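Asks: using only what follows, build the 3D model:
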Amino acid sequence: MSTRSTELFYRLHESAEKFDYFVCGVSGALFAYIGQNYHPQKLEIGISLYEPISLLFLAGAFFVGLMHVERVVLNRYINFQMLHAGEAAGNIMTALKSGQMSYDNKDSGETLDRQQAEQLRLKYLEDKNRLELDLTAKGKIEDRLYRVRNLLLLLGFATVFLSKLLEPYANAA
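Replies: Below you'll find the predicted structure:
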């Protein structure tokens, strides 16, 4: 039996994790670098406003990125629980279909009769369905955080670029 799809999934998972850490690192490092060289001035509408705005965008990108990483970890844990519940329900079903009169619950170490095993299987299925709905809802939040982080980072880069590009014009005025 081929495991290429599983191997590819693990590689994709690793790549996504590394990318998230990289983006958080870049936004944090850029924020630190610009913040280190930032000289506060009186805030006025004009070119001098770009640099503090870029700091806000980059700080926002960093913190939203951290929230995204946290959400990814939480969603993977929920996914684990969902898969465990589905596998446990499947194991009970296999045992019941084989005609066994009892089921040895490996999670608790107890032996259940057919009726108790069926009740446990239904509980696992309910848990699986509840977790699946929860994962879907939380996945939408994860996607939204991903997009917001990228937008804030793009705006941060753009305002840093504009502040550096327009700096000579501010000094000339």
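Asks: and the host helix or strand of Ser27, what other elements does it pack with?
Replies: Ser27 is located in helix 4-37, with elements delineated by DSSP states H and E. Applying 3 or more CB pairs under 8 Å, 6 or more residues apart in numbering; DSSP states H and E, one finds that helix 4-37 contacts helix 50-97, helix 114-172. For every residue, glycine as well, the C-beta is placed using N, CA and C.
Asks: between helix 114-172 and the shortest one, find me the angle.
Replies: Spelled out, it's helix 50-97. Counting by axes from the mean of the first three to the mean of the last three CA atoms, to 10 degrees, helix 50-97 lies at 170 degrees to helix 114-172.
Asks: so what strands line up beside the helix or strand of the chain with the lowest mean pLDDT?
Replies: Sorting the helices and strands of the chain by mean pLDDT, DSSP states H and E puts strand 102-104 at the bottom, at a mean of 75. With DSSP bridges as the test, strand 102-104 is paired with strand 111-113 (antiparallel).
Asks: list the buried residues for the partner strand?
Replies: For strand 111-113, burial by neighbour count (16 or more other CB atoms under 10 Å) applies to Leu112.
Asks: which residues touch it?
Replies: Met101, Ser102, Tyr103, Asp104, Asn105, Leu120 (CB atoms under 8 Å, 6 or more residues apart in numbering).
Asks: just put those in TSV and tack on distance to Gln36 and neighbour count.
Replies: Listed next are those as TSV, based on distance: CB to CB, whole Å; neighbours: other CB atoms under 10 Å:
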residue	distance to Gln36	neighbour count
Met101	72	8
Ser102	68	12
Tyr103	63	21
Asp104	62	12
Asn105	59	17
Leu120	59	19
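Asks: picking that back up, nearest to Tyr21, of the helices and strands packed on helix 4-37?
Replies: With CB to CB, the closest approach to Tyr21 among the helices and strands packed on helix 4-37 belongs to helix 50-97: 7.3 Å.
Asks: which helices and strands does that closest one pack with?
Replies: In terms of contacts (3+ CB pairs under 8 Å, 6+ apart), helix 50-97 is packed against helix 4-37, strand 102-104, helix 114-172.
Asks: what's the closest of those to His84?
Replies: helix 114-172 (8.6 Å).
Asks: so that closest one versus helix 4-37, what angle?
Replies: Using the same axes, to 10 degrees: helix 114-172 against helix 4-37 is 30 degrees.
Asks: thinking again about what came up before, and the helices and strands packed on helix 50-97, which one is worst for confidence?
Replies: Among the helices and strands packed on helix 50-97, strand 102-104 carries the lowest mean pLDDT, at a mean of 75.
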